[in-house]
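Trainee: My questions are about this predicted structure, shown below with the sequence.
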Amino acid sequence: MNPDPVLMGILLSDYVIQEHGSGKYSLIGTFHAINSQTFPFITNQFFVTILLTNLPVKFDQMNVTIRIESPKSGHVLASAAGNMKLPAEATLPPNFVMQLPFIVPQFVVTEPDNYSVVVLVNNETVGKRPFSVGRLSPPPAPQIQ
């Protein structure tokens, strides 16, 4: 019986860089919300990095999907997916934490709201977090004297 994966974290950032040699990730420009003066608007592309643990020590493949969902309708505004494969001879150490960055493509946001970032592993939801989109007030008009 395989254990159920546990989602330890969901991080949002402008960029992710993987260091050559060490394989370490650097997350550049982390954030928890996006704001706009006008709606609808198109977001910039950004990254969602997830942290998964409690994975089976051996597996052939595992499908991971990230979705940005509307709270009112459940409509998926954007998604990104990947297929993890381990070589047949590889095993994961106990308590291994896998870091997986995904590029989220641009998408249209029609109104300010608290959206959700949802993570699925093999089509099963393993966790989610809120993702706030707010309205910025326009800057004050310059006053001429």
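Mentor: Yep, it's here.

Trainee: what kind of secondary structure is Pro142 in?
Mentor: coil (DSSP: H, G, I helix; E, B strand; the rest coil).

Trainee: Can you check the pLDDT for it?
Mentor: Note for Pro142: predicted pLDDT of 83.

Trainee: residues in contact with the residue nearest the centre of the chain?
Mentor: Centrality entry for the chain: nearest residue to the mean C-alpha point is Val48, 2.7 Å, by Cα atoms, centre = their mean. Each residue near Val48 by Cβ atoms under 8 Å, 6 or more residues apart in numbering is listed here: 10-12, 66, 80, 101-102, 104, 117. Quick note: C-beta positions are derived from backbone N, CA and C, even for glycine.

Trainee: what does stretch 117-131 contact?
Mentor: 4-7, 10, 12, 32-34, 48, 50, 52, 62-69, 114-116.
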